[in-house]
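In: This is the structure alone, sequence omitted:
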DNA sequence: GACAATCAGTACCACTCTGGTACAGTTTCG
DNA sequence: CGAAACTGTACCAGAGTGGTACTGATTGTC
């Protein structure tokens, strides 16, 4: 269906929230209540973000999560990789558990080179957008050039 | 999962195949056998393409489908609209059956403006890629500028 | 005119993924 | 000790996906 899952969406929201309160310890409850989202979902995604090393956690009373990194060093692409898992627009380049290609007509497929180019362009665009951009809600003006470069090299 | 469905993928492949044999009447069976894909799937997607007006159909013996349009006038965006249906990266801008927004915190949501910008940029990129590009397997070099323009206006 | 090839339409099903919930455990502070 | 908060795991209902089946309509050929 060509859309990110809600869990991923929640993760981006939570990360932005923490980034805006950089250094503060924020409970999952606070995030959930701010966005009016179910607490168990928010805790689930915050656990994942902690697992991925994007946020720090602190247990116990007055515990919570803290964003202590550099918002300009974390990209949307990295967050999507963690939250959404490995993804590709089409399975052309995806591999199964044993590392071999899923698509059986891969080498002969006329759309592969093209779709993988689009795939790379989109991923490249995501990699040019930092958490700082997300938190500000503004688009960096240099995105286009990187996206163009990715398309040229397909 | 952020990927197009297999049916959509099949549809793009079938359209490319027909575009390469422009004017010829090609049976669903031939397309299915060429790509080693299940015939019922190909017929299903070809019906959809016919319904959408992208290909012509001819029944009976020696019948099949024909692409008779201008490959440079049909865009990947149009094909995705038909095959994938209405889509958005996030539900921010999506509406329910009665036309009102799905997202309850839409106006207050800090990620909306940003995600909808990315959304538009990707859609714009898809709209710049024509069926002729797809069939050639090459990326048009002007894509970047349109994508950039879409991002600036968010 | 019978028959086969082919498209048209619809219905159905097994499987997977998604969104959400539940619950028992661990840590920390007062 | 008890409450607040994170950790880990398991579970479930609903939706979506990929695929199949079947009946009907159209058309060319023998």
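Out: Nice, thanks for sending it over. For clarity, every value in this text was computed on a predicted model and none was experimentally measured.
In: Nearest to DNA strand C: which residue in chain A?
Out: residue A:60 (2.1 Å; C-beta to the nearest atom of the strand). Bear in mind the C-beta positions are built from the backbone N, C-alpha and C, glycine included.
In: Neighbours of that residue, how many?
Out: Residue A:60: 6 surrounding residues under other C-beta atoms under 10 Å in any protein chain shown.
In: Quick check: it vs residue A:25, distance?
Out: Separation of residue A:60 from residue A:25 (C-beta to C-beta, to the nearest Å) stands at 11 Å.
In: Look at residue A:27 and report its pLDDT.
Out: On the pLDDT scale, residue A:27 is placed at 98.
In: you'd agree it is up against residue A:66?
Out: No: using C-beta atoms under 8 Å as the test, residue A:27 is too far from residue A:66 to be in contact (10.7 Å).
In: can you map out the helices along chain A?
Out: Per DSSP state H, chain A carries helices over the ranges A:6-20, A:28-35, A:39-51, A:76-84, A:112-128, A:131-136, A:143-152.
In: what's the most buried one of the ones you listed?
Out: Highest mean neighbour count among those (mean count of other C-beta atoms under 10 Å in any protein chain shown): helix A:6-20, with a mean of 22.
In: between that helix and helix A:28-35, how many degrees?
Out: Here helix A:6-20 runs at an angle of 100 degrees relative to helix A:28-35 (axes from the mean of the first three to the mean of the last three C-alpha atoms, to 10 degrees).
In: What is helix A:6-20 packed up against?
Out: For helix A:6-20, the elements it packs on are helix A:28-35, helix A:39-51, helix A:76-84, helix A:131-136, judged by 3 or more C-beta pairs under 8 Å, 6 or more residues apart in numbering or on different chains; DSSP states H and E.
In: contact partners of that helix?
Out: Residues from elsewhere that reach helix A:6-20, judged by C-beta atoms under 8 Å, 6 or more residues apart in numbering or on different chains: A:26, A:31, A:34-35, A:37, A:41-42, A:44-46, A:48-49, A:54-55, A:65-67, A:71, A:76, A:79-80, A:82-84, A:131-132, A:134-135, B:90-91, B:109-111.
In: average pLDDT for that helix?
Out: pLDDT averaged over helix A:6-20 gives 94.
In: picking up where we left off before, backbone torsions only: list them for the residue of chain A closest to DNA strand C.
Out: Here is the backbone geometry of residue A:60 (degrees, to the nearest 10): phi 80, psi -180.
In: Excluding chain neighbours, what is closest to residue A:34?
Out: Closest residue in space to residue A:34, ignoring its immediate chain neighbours: residue A:17 at 6.5 Å, by C-beta to C-beta, 6 or more residues apart in numbering or on different chains.
In: No further questions, thank you.
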